[in-house]
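Enquirer: pasting the sequence and the predicted coordinates here, then a few questions.
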Amino acid sequence: MKKPFQFVFVFFILVSACQFETSTSVGISVEDSELARISEGVVQSSDNGVFSRGEDIHLILYNVGKFKQGEDSLYWFDMDLEVLNENDSLMFSQTGLLGDNGHLLLENGTASSPYATFSPNESMEPGKYRMKVSVYDKVGKGKVTVTKTFSLE
């Protein structure tokens, strides 16, 4: 009976000496999100999602993560923005909103309130649109997408 015990003991030592790396970004999550406007430096939630042409529309994401830390001890995430009309036609698209600004130190690997901004011009037709923001971890390769509907008058 000594041999099975020795095998288990040796196996335990081998496993505990191995270094395992996991990506916490596989399941990136967003705690909450909202459409908002910023007036005189103050964020104002848009309860009804109605905006005027020419008014900036912000999609704010809260507590996004957990991102994987890079070898340089920093995190690196980025965001893409798409705006689609009622017929799912792409009206606007911008990739890599953060660029190098997304390469930073985050508390607990979580971005507290990243946001994307869309500025509809006067030529856009009134109607319903969808604002879609994708956040992706450039180190851990995880991704999450949030979509909100807004009306333009």
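Expert: Perfect, thanks for sending it.
Enquirer: what about the residue sitting nearest the centre point of the chain, distance to residue 117?
Expert: Of all residues in the chain, the one closest to the mean position by Cα atoms, centre = their mean is residue 135, 3.0 Å from it. For residue 135, the distance to residue 117 equals 15 Å [Cβ to Cβ, to the nearest Å]. Every residue, glycine included, has its C-beta placed from N, CA and C.
Enquirer: ok, residue 43 next?
Expert: Noted for residue 43: a distance of 12 Å to residue 117, by Cβ to Cβ.
Enquirer: common neighbours of those two, please.
Expert: Shared contacts of residue 43 and residue 117, defined by Cβ atoms under 8 Å, 6 or more residues apart in numbering, are found at residue 58.
Enquirer: what are the ranges of the helices in this protein?
Expert: Under the criterion DSSP state H, the chain carries helices at the ranges 2-17.
Enquirer: pLDDT weak spots in it?
Expert: 1-26 (pLDDT under 70).
Enquirer: quick revisit: thought the residue nearest to the centre of the chain was touching residue 116?
Expert: No: taking Cβ atoms under 8 Å as the definition, residue 135 is not a contact partner of residue 116, at 9.1 Å.
Enquirer: give me the common contacts of the two.
Expert: Overlap between the neighbourhoods of residue 135 and residue 116 consists of residue 79, taking contacts as Cβ under 8 Å, 6+ apart.
Enquirer: number of nearby residues for residue 108?
Expert: For residue 108, the number of neighbouring residues by other Cβ atoms under 10 Å comes to 10.
Enquirer: so how far is residue 48 from it?
Expert: Looking at residue 108 against residue 48, where the rule is Cβ to Cβ, the gap reads 34 Å.
Enquirer: where do the strands sit along the chain?
Expert: Counting by DSSP state E, one finds strands in the chain at the ranges 29-39, 42-45, 50-51, 57-65, 75-85, 90-94, 103-104, 110-111, 115-118, 127-137, 143-152.
Enquirer: dump the C-alpha coordinates for the first one into CSV.
Expert: Looking back up the chat, that one is strand 29-39. These are the backbone C-alpha positions of strand 29-39, laid out as CSV (Å, rounded to 0.1, in the frame of the first residue of the first chain):
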residue,chain,number,x,y,z
SER,A,29,-18.4,41.4,-17.9
VAL,A,30,-20.0,44.7,-17.6
GLU,A,31,-21.8,45.4,-14.4
ASP,A,32,-24.1,48.1,-15.8
SER,A,33,-24.4,50.6,-18.7
GLU,A,34,-26.3,53.7,-19.6
LEU,A,35,-26.8,56.3,-22.3
ALA,A,36,-25.9,59.7,-21.1
ARG,A,37,-25.2,63.3,-22.0
ILE,A,38,-22.6,65.5,-20.5
SER,A,39,-23.8,69.0,-19.7
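Enquirer: alright, that wraps it up for me.
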